[in-house]
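Undergrad: build me a model from this:
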Amino acid sequence: QVQLVESGGGLAQPGGSLRLSCAASGSIFSIDGMGWYRLAPGKQRELVATVTSGGRTNYADSVPGRFTISRDNAKNTVYLQMNSLKPEDTAVYYCNAVLQMAHGSRWYNYWGQGTQVTVSS
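TA: Next up is the predicted model:
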């Protein structure tokens, strides 16, 4: 089986920083895209940032220049460095990975359990 385990959430003050990590483990042959999504109370889940296996990144319009996504392919881990945090960044952040469990098999979409990020003074 495959697991995505997130860490690094918590409480930050406005203007502060947090770094999220998500490690994928288990029967993994290959990982294509990895990314972060968030779900805030009363809102729909939204994309925050994604990164391909080749390092190409994509960001939501709400986080330009504040958040940076990166990944370590050797460790099957994706990171989200969040700077200049705002109260509206408060949400549960979910890690996502599109992966294969064997050569030539179908691609699966996996999600982590979520980690709470709260930005408040």
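Undergrad: in space, what's closest to the residue nearest the centre of the chain - neighbours in sequence excluded?
TA: The chain has residue 36 as the residue nearest its centroid, 2.7 Å off, counting by C-alpha atoms, centre = their mean. In space, and not counting its chain neighbours, residue 36 is closest to residue 48: 4.3 Å by C-beta to C-beta, 6 or more residues apart in numbering. Every residue, glycine included, has its C-beta placed from N, CA and C.
Undergrad: does the residue nearest to the centre of the chain lie in a helix or a strand, and which?
TA: strand 30-39 (DSSP states H and E).
Undergrad: circling back: what sits against the residue nearest to residue 36?
TA: By C-beta atoms under 8 Å, 6 or more residues apart in numbering, residue 48 lies in contact with 35, 36, 37, 38, 59, 60, 63, 67, 69, 80, 93.
Undergrad: drop anything exposed from those.
TA: Buried members of these, counted by 16 or more other C-beta atoms under 10 Å: 35, 36, 37, 38, 59, 63, 67, 69, 80, 93.
Undergrad: does residue 77 have beta-bridge partners, and which?
TA: Taking DSSP bridges as the rule, residue 77 bridges to residue 23, residue 72.
Undergrad: ok so, going back, columns pLDDT and distance to residue 22 on top of the contacts of residue 48, output as JSON lines?
TA: Converted to JSON lines, these look like this (pLDDT from 0 to 100; distance: C-beta to C-beta, whole Å):
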{"residue": "35", "pLDDT": "97", "distance to residue 22": "9"}
{"residue": "36", "pLDDT": "98", "distance to residue 22": "8"}
{"residue": "37", "pLDDT": "98", "distance to residue 22": "11"}
{"residue": "38", "pLDDT": "98", "distance to residue 22": "13"}
{"residue": "59", "pLDDT": "96", "distance to residue 22": "17"}
{"residue": "60", "pLDDT": "94", "distance to residue 22": "17"}
{"residue": "63", "pLDDT": "89", "distance to residue 22": "17"}
{"residue": "67", "pLDDT": "97", "distance to residue 22": "14"}
{"residue": "69", "pLDDT": "97", "distance to residue 22": "10"}
{"residue": "80", "pLDDT": "98", "distance to residue 22": "8"}
{"residue": "93", "pLDDT": "98", "distance to residue 22": "9"}
